[in-house]
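Enquirer: Provided below for reference: sequence and predicted model.
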Amino acid sequence: MRMFNRASINITSEAQVDFRDPARATQSDAQPANGDASTDVTDTKQDSKSNDGKPVRAQWNNKAEFLLSCISLSVGLGNVWRFPYVAYANGGGAFLIPYIIVLLLVGKPMYFMEIAFGQYHSQGPVKVWKRSVPFAKGVGVAQVAVCFFVAIFYVILMSWTMFYFWTTLIAAIKSEPVPWADFCNHEYAFKESCVSFSAADEKEIPALPVVVFTNVSTDGFKPQSAAQQYFDRVVLNKYKKGTLERYTLSNMGDVNLGMLGCLAGSWLLVCLSLLKGVKSSGKVVYITSTMPFIVLFILLGRGASLEGAVEGIKYFVIPQFDKLLVIDTWRAAAEQMFFSLSVAYGSLTMLGSYNQFNNNCYQDGLIVSVMDSLTSITSGLAMFSVLGYLAGRLDVGVESVVSSGPGLAFVTFPEALTQMPVPHLWGILFFIMLYTLGLGSEIGLLESVLTFVCDRYPVLRTKRPYVAAVGCTICFLIGIPFITQGGEELFNIFNDYAAGLSVLFIAIFEVSCIMWIYGAKRFVNNLQKMLGDKGKMGVYIRTAWIVLSPAILIFILVMSVIVYKPSHDPERPTETIPAWGDALGWVLVVIAAIQIPIWAGVEVYKAKGITFKEKLYQSLWPDEIMVPEHGNTVEMAAIDSERNAYPSNGEKAAYVNTGYTKDE
């Protein structure tokens with residue numbers, strides 16, 4: 001059998017074999033591009049055509065682009081926007097304990113597993129199953145569906161951020177206060193409950209401003225900060241001007257034209273980043289993955305220096321142990337871990353698939369997962385220090401200082417920015433940071449969808465700019481209802497369902513299929529082929545893969561279904577959304593989850609055999625089997641002629657549990 005260098009695969013077609021039908025096995029006459037089987041992988045070109053006219057797959061130009069892309073994907077708005085508000089809604093310190101447990105026993109092991117899986121098989125989240133467990137193809141399709149759903153509502157967050165950026169910049173140019181600072185005097189404000197922070201003349205007192213409102217209700221209404229009303233009444237525009245009449249799913253109102261412009265601008269930037277595929281997105285992440293850390297540490301330093309910040313930090317790190325017995329806390333921890341790390345979304349498999357074969361993905365996974373965790377904790381500390389400050393000024397408990405929900409970051413941080421010297425500058429930097437975080441993650445989500453489309457139809461790889469443009473246009477049109485006056489509730493549905501239960505379901509099947517059908521021993525053998533001795537995994541990570549991760553996720557999913565409650569508005573926790581809104585959420589879950597049994601059935605039906613049992617066994621066999629040799633080379637090896645379409649029980653057990661060591 002001819003061996004060829006991993007780099008040559010970038011410009012030649014792969015020899016392929018039908019593992020279930022030896023008679024159809026073929027091998028290309030491709031030659032190494034450089035004639036040297038020991039040469040390391042060089043910088044790759046974009047998706048192009050090989051010598052035989054077959055489109056080939058792009059790779060990262062260098063290791064830094066992959067690492068930064070993983071950081072940009074995992075370290076995103078999930079850390080700065082979602083983590084603090086989920087922690088706040090679930091008791092602060094009470095949330096941290098299950099989050100850390102799930103992170104160590106599920107998150108980090110699965111993060112590494114997904115990157116390595118994609119790197120070894122060099123395919124996206126759908127086609128990778130063709131080379132491993134065809135029966136589980138639906139896992140990849142379900143992941144693409146979830147990425148699509150999340151990408152649609154994720155850009156809404158970016159649009160909110162862009163709106164804040166432009167309004168802050170315009171206010172700076174006009175030498176006006178930041179727009180939320182004196183919003184109580186605005187015609188859109190509900191003046192009966194709106195209260196503001198006011199500062200003395202900076203020339204006379206350059207210290208911290210003095211808060212001039214208290215916990216006392218105004219005319220019987222619960223006080224709201226100016227920043228809260230600005231977010232509700234200008235950014236979301238969900239109340240009629242100057243009243244308490246609110247738009248909901250039942251009355252969604254008009255499209256917010258200012259937000260429409262921000263939505264269009266955000267999709268344009270995403271599209272431009274995706275036009276040239278992995279190469280252009282690799283360049284973008286040099287910015288999107290580094291700038292947020294600088295701004296975040298500055299905000300943490302400022303927040304920690306505020307009076308009363310310690311109380312907020314205590315709330316964040318000291319648990320309320322009674323909440324540990326609430327299954328919703330554990331479910332929220334698992335969902336946040338998946339959302340933050342981007343585990344079970346297929347994006348990590350996609351990013352890993354562009355790697356060089358012998359890249360040290362274990363080191364990469366460790367670096368990124370640690371940075372993701374540190375970013376979440378840093379963001380939480382920054383957020384809760386500000387909440388402690390606000391609680392002290394309002395003379396209320398930290399748990400009551402603001403309404404929990406997706407808008408928490410857009411209320412708390414802007415309020416804190418008004419207390420800083422030169423608030424316009426800090427506001428612009430903060431919103432640029434938020435936007436770059438969102439942009440990096442959005443690129444990863446859309447890249448997964450585009451990779452699926454281009455892998456499914458290879459001819460489109462050379463027409464990627466058109467595919468990206470059409471995809472972004474479709475997503476933009478779907479996103480318009482989210483920016484209507486009642487669109488926030490639609491946003492909450494997608495956030496609760498598309499990024500919640502469906503991801504838990506997918507994760508269970510993914511780790512189970514890889515570790516129990518593809519086989520843990522086979523997977524570790526793959527790691528050793530790529531990483532050498534570094535691929536020998538210890539007891540901790542093997543136990544997590546095989547037992548702990550599936551068991552923990554199954555328990556959380558089952559208990560979540562048992563105690564299920566429909567989604568509700570964070571501002572009105574006693575009220576649930578309309579029945580059709582809850583049904584829409586379950587439709588999102590079903591669309592993703594049902595892909596698993598559907599495609600499993602398709603693969604069983606297509607498999608060779610007479611009885612159902614024979615077809616089922618055949619569907620567990622890969623169409624093609626990878627046989628790497630000499631460290632950095634990979635070959636699609638033809639199977640031994642002695643193996644037929646109906647293997648013996650011993651051969652079945654050998655593949656399903658350990659792999660054919662005879663070939664390896």
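Expert: Sure, I can see it.

Enquirer: where along the stretch 151-300 of the chain do the helices fall?
Expert: Assigned by DSSP state H, counting those that start in this stretch, the helices in the stretch 151-300 of the chain fall at 226-230, 257-274, 278-288, 291-304.

Enquirer: Same list, those helices, but as CSV with mean neighbour count and distance to F509 please.
Expert: Just so you know, the C-beta spots here come from the backbone N, C-alpha and C atoms, and that holds for glycine as well. Rendered in CSV, the data for these read as follows (neighbours: other Cβ atoms under 10 Å; distance: least, Cβ to Cβ, whole Å):
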stretch, mean neighbour count, distance to F509
helix 226-230, 26, 41
helix 257-274, 19, 28
helix 278-288, 21, 27
helix 291-304, 18, 33
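
Enquirer: Can you check which of these gets nearest to G91?
Expert: Closest to G91 of the helices of the stretch 151-300 of the chain is helix 291-304 (Cβ to Cβ; 20.2 Å).

Enquirer: can you tell me which of the helices of the stretch 151-300 of the chain comes nearest to D533?
Expert: Ranking the helices of the stretch 151-300 of the chain by distance to D533, with Cβ to Cβ as the measure, places helix 278-288 first at 29.6 Å.

Enquirer: ok, and what's touching stretch 329-337?
Expert: Under the contact criterion Cβ atoms under 8 Å, 6 or more residues apart in numbering, stretch 329-337 has outside partners 78, 82-83, 86, 89-91, 94-95, 98-99, 101-103, 106-107, 323, 343, 499-500, 503-504, 552-553, 556, 559-560.

Enquirer: per-stretch mean pLDDT over the helices of the stretch 151-300 of the chain, give me the minimum one.
Expert: Taking the mean pLDDT of each of the helices of the stretch 151-300 of the chain, the lowest value is held by helix 278-288, a mean of 54.

Enquirer: so where do the strands sit in the chain?
Expert: 194-195, 197-198, 210-211, 224-225, 626-629, 633-636 (DSSP state E).

Enquirer: rank those strands by pLDDT, which is bottom?
Expert: strand 210-211 (a mean of 36).

Enquirer: before we move on, back to that, in PyMOL, how would I select the buried members of the contacts of stretch 329-337?
Expert: Buried members of those, identified by 16 or more other Cβ atoms under 10 Å, are gathered into one PyMOL selection as follows:
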select buried, resi 78+82+83+86+89+90+91+94+95+98+99+101+102+103+106+107+323+343+499+500+503+504+552+553+556+560
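
Enquirer: Please list the members of the contacts of stretch 329-337 that lie in helices.
Expert: Under the assignment DSSP state H, the contacts of stretch 329-337 contribute 83, 86, 89, 94-95, 98-99, 101-102, 503-504, 552-553, 556, 559-560 to helices.

Enquirer: Now do the phi/psi pair for the residue nearest the centre of the chain.
Expert: For the chain, the residue whose C-alpha lies nearest the mean C-alpha position (Cα atoms, centre = their mean) is S342; its distance is 3.6 Å. As for S342, its main-chain torsions (degrees, to the nearest 10) stand at phi 70, psi 30.

Enquirer: so how far is E488 from it?
Expert: Distance, S342 to E488, using Cβ to Cβ, to the nearest Å: 24 Å.

Enquirer: do the same with V139
Expert: Relative to E488, V139 is positioned 32 Å away (criterion: Cβ to Cβ).

Enquirer: what sits against D254?
Expert: Shown here is D254, whose contacts under the criterion Cβ under 8 Å, 6+ apart are 484-485.

Enquirer: Check the gap between it and F190 for me.
Expert: When distances are taken as Cβ to Cβ, D254 and F190 turn out to be 19 Å apart.

Enquirer: How about L425?
Expert: Remark: distance between L425 and F190 (Cβ to Cβ) = 30 Å.

Enquirer: and these two? which has more neighbours close in?
Expert: Looking at L425 and F190 with other Cβ atoms under 10 Å, you find the greater number of neighbours at F190, namely 19 against 13.

Enquirer: give me phi/psi at that one?
Expert: Comment: the main-chain dihedrals of F190 come out as phi -90, psi 90, following degrees, to the nearest 10.

Enquirer: what residues are up against S379?
Expert: Shown in contact with S379 (Cβ under 8 Å, 6+ apart): 79-80, 83-84, 296.

Enquirer: Mind putting the residues you listed into JSON lines with distance to C454?
Expert: What follows is the contacts of S379, written out as JSON lines (distance: Cβ to Cβ, whole Å):
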{"residue": "N79", "distance to C454": "29"}
{"residue": "V80", "distance to C454": "31"}
{"residue": "F83", "distance to C454": "32"}
{"residue": "P84", "distance to C454": "36"}
{"residue": "L296", "distance to C454": "35"}
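
Enquirer: For G352, state which of these is nearest.
Expert: Taking the contacts of S379 together and measuring to G352 by Cβ to Cβ, the closest member is N79, at 21.0 Å.

Enquirer: burial measure for that closest one, as a count.
Expert: 28.

Enquirer: ok, it touching T375?
Expert: Yes. In this structure, N79 sits in contact with T375. The criterion is Cβ atoms under 8 Å, and the distance is 4.4 Å.

Enquirer: hang on, Y164 packs against L429?
Expert: No. Here Y164 does not reach L429: they are 11.9 Å apart, not a contact under Cβ under 8 Å.

Enquirer: More neighbours: the two, which one.
Expert: Using other Cβ under 10 Å as the criterion, Y164 and L429 rank with Y164 on top: 28 against 18.

Enquirer: what about the more buried one, distance to Y230?
Expert: For Y164, the distance to Y230 (Cβ to Cβ) stands at 9 Å.

Enquirer: what do these two both touch?
Expert: Shared contacts of Y164 and Y230, defined by Cβ under 8 Å, 6+ apart, comprise P414.

Enquirer: in the protein, what secondary structure element scores lowest on mean pLDDT?
Expert: Between all helices and strands in the chain, the lowest mean by mean pLDDT, DSSP states H and E belongs to strand 210-211, at a mean of 36.

Enquirer: Q224 contacts S193, correct?
Expert: Yes. In terms of Cβ under 8 Å, Q224 counts as a neighbour of S193; the distance is 5.1 Å.

Enquirer: which one of those two has more residues nearby?
Expert: Neighbours around Q224 and S193, counted as other Cβ under 10 Å, are more numerous at Q224. The numbers are 23 against 19.

Enquirer: The more buried one and F231: what is the separation?
Expert: Using Cβ to Cβ, one obtains 10 Å as the distance from Q224 to F231.

Enquirer: out of the contacts of S379, who's nearest K240?
Expert: For K240, the closest of those turns out to be P84, at 30.0 Å, with distances computed as Cβ to Cβ.

Enquirer: Just give the closest residue to the closest one, not the sequence neighbours.
Expert: The spatially closest residue to P84, leaving aside those adjacent along the chain, is M383, at 3.8 Å (Cβ to Cβ, 6 or more residues apart in numbering).

Enquirer: quick one: low-confidence parts of the chain?
Expert: In the prediction, the chain carries residues with pLDDT under 70 at positions 1-66, 69, 72-73, 195, 197-223, 276-291, 394, 401-404, 568-575, 623-664.

Enquirer: I'd like to know which of the ones in helices among the contacts of stretch 329-337 is nearest to C147.
Expert: The nearest member of these to C147, counting by Cβ to Cβ, is V503 at 10.4 Å.

Enquirer: Give the full set of residues in contact with the closest one.
Expert: Under the criterion of Cβ under 8 Å, 6+ apart, the neighbours of V503 are 146, 335, 338-339, 344-345.
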